[in-house]
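1. could you look at this predicted model? Sequence included:
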Amino acid sequence: MALAQGIPQVQYLWFRRWPGLDETVRGLPGRPVPLLSRDGVPRLPVRVQAAVAGCVLTRGCDLVHAVMTIGNSFPPFSRLWPRLVGDTPVLHTVPGVMNPAFLARSRPLGPTVALSEATAAQMRAAGFGEVRVIRPVVRLDEWPLRPRPASDKPTVLVTGHHDPGGGAEEAIASAAVAARAGARFRLVLALRDRPGQDTRALEENLRVRAARQGLPETEVLGPVCDMHDLLASADVLLYVPRALGGKADVPLTVLQALATGRPVVLSEQPQFESLRGTVLRAAPGDCDRTGRLLWQLLDRPGWWQNLAQRGRATVEERFGVAQFAAQYSRLYEELLS
């Protein structure tokens, strides 16, 4: 979406769900290519459709831009790739790497872009050659700075996936530390599921865990289609995974929260280095320190305001559309020249 909106001189072909149309892509420039999907989740049948359609469409394109996480199916896919696209030049943007061990068995699809220097270094060491770093983008016109909610009980929002070590359990334990220290707040978890997970059971387990930790009013939501109102209603975003597990190096929700003017507490991951000095961080799994940071942040309005302003300024400076579009435009010109 960011590419299609930010580089209007390029005519993109992009996949979309069919039947139905996600409102977030309505009116998106370019030509949508429909893929039959029940719920928009990229299960195997959807990936097969994308591969088949891609083989046909690439023959009539000047450039393929693959935005693709490196997971367990990527190593064999990367070896088949040259047969699929022929001589069409390819640019590969890697949102994240599920396991660094996959890199040793993979081949580059073409020139590669990472979202963080940490992932770029891993890929260079695995033989991917020169890997450039282009940070993700947030459209500031779509994510305006919002005032802090006027409420007697602040809201702490937790985002992530229902993954082992994905941060939900750590967030509950950290929130319990803050509550025992005297913080008063409402805890809301907005978590995405993975194909094959029993979402209802996972959500109920989190409610039970929160109640046992002294947080009986915890709300557990499913996937949220539009984060604007949810982030605007929150006071703090808590994102504390032990491992990213293939999630984006710099999650968009974190950047959207900062753009909205919401302080963020993160686990100490090397991929988050570009946010140093902007967010609060604790070692992965250190729920005591995370909880104390949360308590202090909720207890000190001046500190909250300072971090809110700093977060917005960081997004404007480092994650804006102009820099993002200029970097990718230069790459396109190099590949097509």
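-> Nice, thanks for sending it over.
2. show the contacting residues for A234.
-> Neighbour list for A234: P149, T155, V156, L157, V188, A257, R262 [criterion: Cβ atoms under 8 Å, 6 or more residues apart in numbering]. Where you see a C-beta, it was placed from the backbone N, CA and C, and this is true even at glycine.
3. next, the residue lying closest to it once chain neighbours are set aside: phi, psi?
-> In this structure, A234 finds its nearest non-sequential neighbour in L157, 3.9 Å apart by Cβ to Cβ, 6 or more residues apart in numbering. L157 adopts backbone torsions of phi -100, psi 130, taken as degrees, to the nearest 10.
4. test my guess that L157 contacts A232.
-> No - under the criterion of Cβ atoms under 8 Å, L157 makes no contact with A232, lying 10.4 Å away.
5. those two: which is more packed in?
-> The neighbour comparison of L157 against A232 (other Cβ atoms under 10 Å) goes to L157, with 27 against 17.
6. who does the residue nearest to A234 bridge with?
-> Beta bridges link L157 to V188, L237, judged by DSSP bridges.
7. what about the strands in the stretch 1-150 of the chain?
-> Using DSSP state E, counting those that start in this stretch, the strands of the stretch 1-150 of the chain run over residues 13-18, 31-36, 64-67, 90-94, 112-114, 131-133.
8. which of those strands has the highest mean neighbour count?
-> Most buried of those, by mean neighbour count (mean count of other Cβ atoms under 10 Å): strand 112-114, with a mean of 23.
9. list the pairing partners of that one within its sheet, with orientation.
-> Strand pairing (DSSP bridges) places strand 112-114 next to strand 90-94 (parallel), strand 131-133 (parallel).
10. and S78, which of those is closest to it?
-> strand 90-94 (9.1 Å; Cβ to Cβ).
11. show me what contacts G160?
-> Contacts for G160 were tallied using Cβ under 8 Å, 6+ apart; they are G166, G167, A168, A171, L191, R192, Y239, P241, K247.
12. state the next helix or strand along the chain beyond the helix or strand hosting it.
-> Using DSSP states H and E, G160 falls within strand 155-161. As assigned by DSSP H and E, the chain's next helix or strand after strand 155-161 is helix 168-180.
13. and that next one, what's buried?
-> Residues A168, E169, E170, A171, I172, A173, S174, A175, A176, V177, A178, A179 are the ones in helix 168-180 that count as buried (16 or more other Cβ atoms under 10 Å).
14. mind listing the strands for the stretch 151-300 of the chain?
-> Using DSSP E, counting those that start in this stretch, strands in the stretch 151-300 of the chain cover 155-161, 186-192, 219-221, 236-239, 264-267, 280-282.
15. so which of these is the most packed in?
-> Neighbour counts (mean count of other Cβ under 10 Å) averaged over each of those peak at strand 236-239, with a mean of 26.
16. contacts for that strand, please.
-> Contacts of strand 236-239 (Cβ under 8 Å, 6+ apart): 154-160, 167, 171, 174-175, 231, 251, 253-254, 257, 262-267, 290, 294, 297-298, 304.
17. distance from it to the middle of the chain?
-> Centre-to-centre, strand 236-239 and its host chain are 14 Å apart (Cα atoms, centre = their mean, to the nearest Å).
18. do the same with stretch 282-293
-> 21 Å.
19. buried set for it?
-> Neighbour-count burial for stretch 282-293 flags A282, P284, G285, D286, C287, R289, T290, G291, R292, L293 (criterion: 16+ other Cβ under 10 Å).
20. for the second one, grab phi and psi.
-> Summarising the backbone geometry of P284 under the convention degrees, to the nearest 10, its torsions are phi -60, psi 130.
21. roughly how far does it sit from T159?
-> 16 Å (Cβ to Cβ, to the nearest Å).
22. give me the most central residue, this structure.
-> With distances taken as Cα atoms, centre = their mean, P251 lies nearest the centre of the chain, 2.7 Å away.
23. excluding covalently adjacent residues, which one is nearest to that one?
-> P251 sits nearest to Y239 (Cβ to Cβ, 6+ apart), 6.7 Å away.
24. pLDDT at the one you found, what is it?
-> In the predicted model, Y239 carries a pLDDT score of 96.
25. next: T119.
-> 96.
26. so what's the residue count around it?
-> By the measure other Cβ under 10 Å, the count of residues near T119 is 25.
27. one more: V48?
-> 11.
28. so it versus L36, what's the distance?
-> For V48, the distance to L36 equals 11 Å [Cβ to Cβ].
29. longest helix in the chain, by residue count?
-> helix 301-318 (DSSP state H).
30. elements contacting that helix?
-> helix 252-260, helix 287-299 (3 or more Cβ pairs under 8 Å, 6 or more residues apart in numbering; DSSP states H and E).
31. dump those helices to JSON lines, plus mean pLDDT and distance to P89.
-> Written out in JSON lines, the entries for those read as follows (pLDDT from 0 to 100; distance: least, Cβ to Cβ, whole Å):
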{"stretch": "helix 252-260", "mean pLDDT": "96", "distance to P89": "27"}
{"stretch": "helix 287-299", "mean pLDDT": "97", "distance to P89": "45"}
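32. mind pulling up the pLDDT for the closest residue to G110 other than its chain neighbours?
-> Among residues not flanking G110 along the chain, V90 sits closest, at 3.4 Å (Cβ to Cβ, 6+ apart). V90 carries a pLDDT value of 93.
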